[in-house]
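Q: let me see the structure of the following:
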Amino acid sequence: MTDGNGALGDGAPAINAMVQYTKDFSFENPNAPRSLGPQEKAPNIAIQVNVNARQVAESDFEVDILLEGSAGADQDLLFKFELDYAGLFRLINIRPDDMHPIVMIECPRLLFPFARQIIADAVRGGGFPPLYIDPIDFAALYRKRLDEVAAASAAPTPAA
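A: The predicted structure follows:
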């Protein structure tokens, strides 16, 4: 049973998405209309993903997914995009040790389908077939980032 704020009254852990929003979005089709004609080969598609979070209240976190991508390269660039999509999440009855992984894995996982649809619609609106980004393994990204931080802290410091 939930109270009036959507919180579970029995002490069970909960993640509440309070609001989701586009912070920044850009889509470029720099070589139109030439880029809209038939293509001889499939374009090279590159996508980068970054996740950031900040605590805005005792149990509230703003989580951002930054998706940057392009199709084609140089003079053959078909399109490029940058989307900063965010959500405000309230975490209730979450153990302190579990807070960081939940914020950096589960919250982006909840945001991703909406960000994916925004990009697909923009690419289609730019005159191309919609680009449906493959699902992202946010747990693997999280582990990779932890490994990078561990390796950086274990690296010897150069002598002055």
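Q: what's the spacing between Met99 and Phe138?
A: With the distance defined as Cβ to Cβ, to the nearest Å, Met99 ends up 15 Å from Phe138. From N, CA and C alone the C-beta is placed, and that goes for glycine too.
Q: what about those two, which has more around it?
A: Using other Cβ atoms under 10 Å, the more surrounded residue of Met99 and Phe138 is Phe138, with 21 against 14.
Q: contacts only, for that one.
A: Val51, Met104, Ile105, Glu106, Pro108, Arg109, Phe112 (Cβ atoms under 8 Å, 6 or more residues apart in numbering).
Q: make JSON lines from those and add pLDDT to it.
A: Formatted as JSON lines, the contacts of Phe138 follow (pLDDT from 0 to 100):
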{"residue": "Val51", "pLDDT": "96"}
{"residue": "Met104", "pLDDT": "96"}
{"residue": "Ile105", "pLDDT": "97"}
{"residue": "Glu106", "pLDDT": "97"}
{"residue": "Pro108", "pLDDT": "97"}
{"residue": "Arg109", "pLDDT": "97"}
{"residue": "Phe112", "pLDDT": "98"}
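Q: for PyMOL, what selects the buried ones among those residues?
A: Buried members of those, defined by 16 or more other Cβ atoms under 10 Å, are picked up in PyMOL with:
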select buried, resi 51+104+105+106+108+109+112
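Q: report the two of the contacts of Phe138 separated the most.
A: Farthest apart among those by Cβ to Cβ are Met104 and Phe112. That separation is 12.9 Å.
Q: wasn't Lys41 part of a helix?
A: No. Checked against DSSP: H, G, I helix; E, B strand; the rest coil, Lys41 lies outside a helix; its state is coil.
Q: re earlier: keep only those of the contacts of Phe138 that are in strands.
A: Val51 (DSSP state E).
Q: in CSV, list the contacts of Phe138 along with distance to Gly11.
A: As requested, the contacts of Phe138 are exported to CSV (distance: Cβ to Cβ, whole Å):
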residue, distance to Gly11
Val51, 28
Met104, 24
Ile105, 22
Glu106, 19
Pro108, 26
Arg109, 24
Phe112, 29
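Q: tell me the pLDDT at Pro158?
A: Note for Pro158: predicted pLDDT of 63.
Q: what do you get for Asp10?
A: pLDDT, Asp10: 71.
Q: three-state assignment of it?
A: Under three-state DSSP, Asp10 comes out as coil.
Q: likewise for Leu141?
A: Per three-state DSSP, Leu141 ends up helix.
Q: identify the residues contacting it.
A: Val49, Val51.
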